[in-house]
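[1] Everything below, folded, please.
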Amino acid sequence: MTDSTHTAAVTAADFERIVIQGSFERPVLVDFWADWCAPCRQLMPILSRLAEEFKGQFFLAKVDTEAEQALAAQFGIRSLPTVQLFKDGQAVDQFMGALPEAQIREFLSRHILRASDRLLEQARQAIATGDLTAAAALVDRAERDDPSNSRVFIAKVQLRAAEGDAQGALALLEHTPLDLAADPELAALRGRLAFSAAVADAPPAAALKATLEATPGDSAARYQLAAHQVLAGDNEAALENLLTLLKRDRQYGDDAARKGMVAIFDLLGSHDELVTGYRAKMLSSLY
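    Here you go, the predicted model:
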C-alpha cells in the first residue's frame, strides 16, 4: 500500500484536489477497496505496478471504503473492488472486480495515450506516405522503449503488409498476443491480408470476369475476383460474389466464402448498411 509519486491514499478531505482537480491535468484512476476484500488485495499491486510503468500518464488514487463510507456512497460504489477513471472532473469509465492485467491494460488504453503509441502513430503515417524505412525505425524504437505495448505487434503486421509480404504478415498473425485476439483493427487487417494473398498469383480482375462469364461455376475464379474487388474498394460486388459462392460451393477452400464475407464485415464495421444486409443474406443461405 506504499504510495509513490504516481499513487496516493485519498480521503474525503483531499478527493476534490487530487481526483477532481487533478483529472484536468491527467487521468485519475480511483480504486475503491477495503482490507477485508480479497480481490481488492489481488488487484491493488497490479494497479500500483501499472501506475509506475506508465510513469505519470495516469494517477492512482486509493480510497479505503471502510474509512470513507460517505465517499463510496457518493460515487455509487456497491461492490468491491470498483475502479473508476476520472477525466476533466468527471468519472468517464469504470470496471468492477479484479480483472486480469491484460484487460486492465485494454481499459487504460481507451483513455491514455502512451509515448510509444505516439511513435506508432508516426509509423502509421510513414507507412501511408510510403516511407517504410522511417516506419520500421519508429516501430523498433516503440518496441525498445515500451516492450509491454502490444500495439507494437499490430504495427509490425502493418509494416510487413506495406512491404508487400502478405504471407509474412499472415504468418506473424499466427502469433497474435492473447490481449489482441478480439482487436477489431487486427481482425480487419487479417481479412485484407487474406484477400491480398488470394490475388498474389491470380489473373487480373478482367480475366476472372471473362472466366466466370464462360464458366459461372468456377469457384476459384469467383473467390479470386471477390478478393480483387475488396482490395479495389468494391465491397458490395465482392460480397455478392462470395454470397453466390457460398450458395453454390460451400465447401470451397475450407468454407472460404463464409470466412471471406465475415472478413469484409470486419473491414466495414458492424454498423455499415452492407454488413447488416449481407449478414442476413449469409445467415439465410447457411440455415
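[2] give the contact list for residue 89.
    20-21, 23-24 (Cβ atoms under 8 Å, 6 or more residues apart in numbering). To be clear about C-beta, it is placed using only N, CA and C from the backbone, and glycine gets the same treatment.
[3] and which of those is nearest residue 60?
    residue 23 (12.3 Å; Cβ to Cβ).
[4] any idea how far residue 78 is from residue 148?
    Distance of residue 78 to residue 148, computed by Cβ to Cβ, to the nearest Å: 32 Å.
[5] These two: who's more crowded?
    residue 148 (12 against 9; other Cβ atoms under 10 Å).
[6] returning to what we had before: identify, from the contacts of residue 89, the entry nearest to residue 221.
    The closest of the contacts of residue 89, once distances to residue 221 are taken by Cβ to Cβ, is residue 23, at 58.0 Å.
[7] number of nearby residues for that closest one?
    Residue 23 has 23 neighbouring residues, counting by other Cβ under 10 Å.
[8] Surely it and residue 84 touch.
    No: checked against Cβ atoms under 8 Å, the pair residue 23 and residue 84 is beyond contact range at 10.4 Å.
[9] so what's in contact with the two at the same time?
    Going by Cβ under 8 Å, 6+ apart, no residue sits against residue 23 while also sitting against residue 84.
[10] just to revisit the earlier point, most neighbours among the contacts of residue 89, which one?
    Compared across these, residue 23 has the highest neighbour count, 23 neighbours, by other Cβ under 10 Å.
[11] what about it, distance to residue 91?
    Per Cβ to Cβ, residue 23 is found 9 Å from residue 91.
[12] Would you map the helices across the stretch 151-287 of the chain?
    Assigned by DSSP state H, counting those that start in this stretch, the stretch 151-287 of the chain shows helices spanning 151-162, 166-173, 184-199, 205-214, 219-231, 235-248, 256-268, 273-286.
[13] Now for the residue lying closest to residue 209 once chain neighbours are set aside, how many residues are close by?
    Nearest non-adjacent residue to residue 209, counting by Cβ to Cβ, 6 or more residues apart in numbering: residue 225, 6.4 Å away. Close neighbours of residue 225, defined as other Cβ under 10 Å, add up to 28.
[14] so where's this protein uncertain?
    Scanning the chain for pLDDT under 70 picks out 1-3.
[15] mind giving me the domain split of it?
    Here the domain parsing of the chain from automatic domain parsing is 7-109, 115-181, 199-286.
[16] Any chance of CSV for the ones you listed, columns distance to residue 191?
    Converted to CSV, the domains of the chain look like this (distance: least, Cβ to Cβ, whole Å):
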stretch, distance to residue 191
domain 7-109, 21
domain 115-181, 11
domain 199-286, 3
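[17] returning to what we had before: please dump the helices of the stretch 151-287 of the chain into CSV; it should also carry distance to residue 28 for every row.
    Output for the helices of the stretch 151-287 of the chain, formatted as CSV (distance: least, Cβ to Cβ, whole Å):
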stretch, distance to residue 28
helix 151-162, 23
helix 166-173, 36
helix 184-199, 28
helix 205-214, 54
helix 219-231, 44
helix 235-248, 42
helix 256-268, 35
helix 273-286, 38
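[18] which of those sits most buried?
    Most buried of these by mean neighbour count (mean count of other Cβ atoms under 10 Å) is helix 219-231; its value is a mean of 23.
[19] those helices in the stretch 1-150 of the chain, which residues are they?
    Using DSSP H, counting those that start in this stretch, helices in the stretch 1-150 of the chain cover 15, 38-53, 69-74, 101-109, 115-128, 132-145.
[20] Any idea which of the ones you listed gets closest to residue 263?
    helix 115-128 (20.9 Å).
[21] Not counting the closest one itself, show me its contacts.
    In contact with helix 115-128 (Cβ under 8 Å, 6+ apart) are residues 57, 132, 134-136, 138-139, 141-143, 145-146, 149, 151-152, 154-155, 158-159, 162.
[22] before we move on, the earlier item: make sure the residue nearest to residue 209 is actually in contact with residue 242.
    No: contact criterion Cβ under 8 Å: residue 225 and residue 242 do not qualify, at 9.7 Å.
[23] can you list residues touching both of the two?
    With Cβ under 8 Å, 6+ apart, residue 225 and residue 242 have no common neighbours.
[24] before we move on, the earlier item: comparing the helices of the stretch 1-150 of the chain, which stretch has the densest surroundings?
    Note that of the helices of the stretch 1-150 of the chain, helix 15 is the most buried (mean count of other Cβ under 10 Å), with a mean of 20.
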